[in-house]
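**Q** whatever this is, show me its structure:
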Amino acid sequence: MLGSGWVPEVDEVLERGFVCHRMAAVAPAERAAFIDRIAPNVRGVFTTGVTGIDGALASQLPHLEIVAVHGVGVDAVAFDALAPRGIHVTNTPDVLTEDVADLAVALLLASSRRLPQLDRHVRAGSWEAKKPLQPARSLRGKVAGIVGLGRIGRAVATRLESFGMAIRYFQRSTADSPYPRSASLPDLARESDYLIVCAPGGAATRAMIDAGVLDALGPEGTLVNIARGSLVDEAALIAALQEGRLGAAALDVFADEPRVPVALRELDNVVLTPHVGSFTVETRTAMGMLAASNLEAHFAGKPLPTPVPVPVS
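**A** Down below sits the predicted model:
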């Protein structure tokens, strides 16, 4: 098996059940030779949602049977290369929903109440010096627009309702939900004070948050993204923030992680975190255990706990 659990308890399970070859521990310059050496014996891959597996690597593994994704998103998995070979793909839904939703709300609060700016204000001695502060914004009575009302989107909506916010959503299909659905994504942005991106990544959603959506959200609006950086036109986002056409942004994901544009890092109206939605001990352990359970089930000839259907193109 190619991969690593990153959590000691998960690594113990993997080591006990499989021969593990850890590519993350190999220097980039040595990885080609490393893969050549182990490729004939690899039957399973343990990977992350961000790293996935591309067609080039899959083609080097002639006996590959299963790819276990440690995460929900599978947009980095080359299904076009795996599906014709009958290679199974699994992911880890549900176990990270609550922590990712918590982070979405934390980012929204950090942005609306200007927590990073207030922290810097105190640390710099500006409070003691009685320097003026810009007031924050209350959430009560505001509208939260949810882009993608799946597991995480619903969990975010439930949390924000408790702050007295009205909830709207948009996705291509109509969801069975108590919340009103906007007619389009620009309409949702126009009707929202805060736009929270919870949709899956992939070709169908690439750059869906474009200049038009950002302009519809407007100079008093805030964008929160805990989904995938690919969903947002990052250049358009930077321009909208710099020009005052968008009020603020709170981002956990980026187009070219871990490289975050200097322009975003320099903006005072942006809150940034390093893709840590599921980064708690409890959730990362649960994710790793579920990914390992999928591997164990496959090689024991049992049904996969959380298989991913081949996407319909």
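**Q** all contacts plus neighbour counts: C-alpha atoms, from now on.
**A** OK.
**Q** could you find the closest non-adjacent residue to Asp268?
**A** Distances taken as CA to CA, 6 or more residues apart in numbering place Gln117 nearest to Asp268, at 7.5 Å, with adjacent residues excluded.
**Q** same deal with Thr90?
**A** Pro307 (4.3 Å).
**Q** how far away is the one you found from Val74?
**A** 11 Å (CA to CA, to the nearest Å).
**Q** ok, the two, which is more surrounded?
**A** Val74 (24 against 16; other CA atoms under 10 Å).
**Q** with adjacent residues omitted, what lies nearest to that one?
**A** Gly49 (5.6 Å).
**Q** over to Val122?
**A** In space, Val122 is closest to Glu128, 7.8 Å off (CA to CA, 6+ apart).
**Q** so what's Met208 up against?
**A** 231-233 (CA atoms under 8 Å, 6 or more residues apart in numbering).
**Q** pull up the per-residue confidence for it.
**A** pLDDT recorded at Met208 is 98.
**Q** before we move on, what about Glu12?
**A** pLDDT, read off for Glu12, is 92.
**Q** SS state for it?
**A** helix (DSSP: H, G, I helix; E, B strand; the rest coil).
**Q** can you map out the helices along this structure?
**A** 8-17, 31-38, 55-59, 79-82, 97-112, 115-123, 151-161, 185-191, 211-217, 234-242, 262-266, 281-299 (DSSP state H).
**Q** what helices and strands are in contact with the shortest one?
**A** Helices and strands touching helix 79-82, by 3 or more CA pairs under 8 Å, 6 or more residues apart in numbering; DSSP states H and E, are helix 55-59.
**Q** could I get the CA-only coordinates of the helix it packs on as CSV?
**A** Below are the C-alpha coordinates for helix 55-59, written out as CSV (Å, rounded to 0.1, in the frame of the first residue of the first chain):
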residue,chain,number,x,y,z
GLY,A,55,-3.7,9.2,-14.3
ALA,A,56,0.1,9.2,-14.6
LEU,A,57,0.7,7.6,-11.2
ALA,A,58,-2.2,5.2,-11.6
SER,A,59,-0.7,4.0,-14.9
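**Q** hmm, who's touching stretch 189-205?
**A** Contacts of stretch 189-205 (CA under 8 Å, 6+ apart): 73-76, 104, 108, 142-150, 152-153, 168, 213-214, 216-218, 220-228, 230-231.
**Q** now stretch 218-228
**A** 100, 103-104, 107-108, 111, 190, 192-201, 244-255, 275, 277.
**Q** ok now stretch 90-98, how far from the chain's centre?
**A** 12 Å (CA atoms, centre = their mean, to the nearest Å).
**Q** go on, stretch 129-140?
**A** 30 Å.
**Q** in it, which residues are buried?
**A** Leu139 (16 or more other CA atoms under 10 Å).
**Q** other residues contacting it?
**A** With CA under 8 Å, 6+ apart as the criterion, stretch 129-140 contacts 112-114, 163-165.
**Q** and those residues, which two are the farthest apart?
**A** Arg114 and Gly164 (19.0 Å; CA to CA).
**Q** so these two - more neighbours on which side?
**A** Arg114 (20 against 14).
**Q** how close does that one sit to Pro132?
**A** Using CA to CA, which is the criterion applied here, Arg114 is 14 Å from Pro132.
**Q** got it, and Val122?
**A** Val122 is 12 Å from Pro132, by CA to CA.
**Q** what's the burial count for the residue nearest to Thr47 when sequence neighbours are not counted?
**A** Nearest-residue entry for Thr47: Val69, 5.0 Å, with adjacent residues in sequence omitted and distances by CA to CA, 6+ apart. Applying other CA under 10 Å, we find 30 residues neighbouring Val69.
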